[in-house]
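**Student:** kindly generate the corresponding structure for this input.
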Amino acid sequence: YMAEQGYELVFGAGSVGIMGAIQDGILEHGGKAIGVMPKMLDEREITSQKVSELILVDSMHERKNKMTELADAFIMAPGGAGSLEEFFEMYSWAQIGIHQKPIGVFNLNGFFEPLQHLIDHMIKEGFIDEKYQKLAPLYDTKESLI
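**Tutor:** Okay, here's the model as predicted:
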């Protein structure tokens, strides 16, 4: 769906899981997938051999900086601790003005309802300003997200 809409994928270059499936879908529909992988993980992780372009960097920080530089928007898909870490970095960077790029959360099967409750709780307790309530909206379908 993203490729058909003219979007390119910038991601961590892994070949498995949801991001691997998204990469496959983009490439199958004629799109471009740019992977950014730290050299130390390239030796340990399953780096995709299908990417249109692979950028090897020296560290995780450089990986996130490069992905942020290349991206026009950020989409969070269901994942683990690394996905949450990347999400909250982009969320906090938007709060302090490092970027003004849109952030969307793909709420597949309600996966991110607890995250929305956590953000609502943080706002209620005064740790996040209420003006950031809609900074990273949840989308239940790929069509509404893209």
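**Student:** domain parsing for this protein?
**Tutor:** Following automatic domain parsing, one gets these domains for the chain: 1-71, 73-146.
**Student:** dump the ones you listed into JSON lines; add mean neighbour count as well.
**Tutor:** C-beta here means a position set from N, CA and C on the backbone, and glycine is covered the same way. As requested, those are exported to JSON lines (neighbours: other CB atoms under 10 Å):
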{"stretch": "domain 1-71", "mean neighbour count": "16"}
{"stretch": "domain 73-146", "mean neighbour count": "14"}
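**Student:** make CSV from those domains and add mean pLDDT to it.
**Tutor:** Listed next are the domains of the chain as CSV, based on pLDDT from 0 to 100:
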stretch, mean pLDDT
domain 1-71, 90
domain 73-146, 95
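**Student:** right, and the helix or strand after the helix or strand harbouring residue 23?
**Tutor:** Counting by DSSP states H and E, the element that carries residue 23 is helix 17-28. Next helix or strand after helix 17-28 toward the C-terminus (DSSP H and E): strand 33-38.
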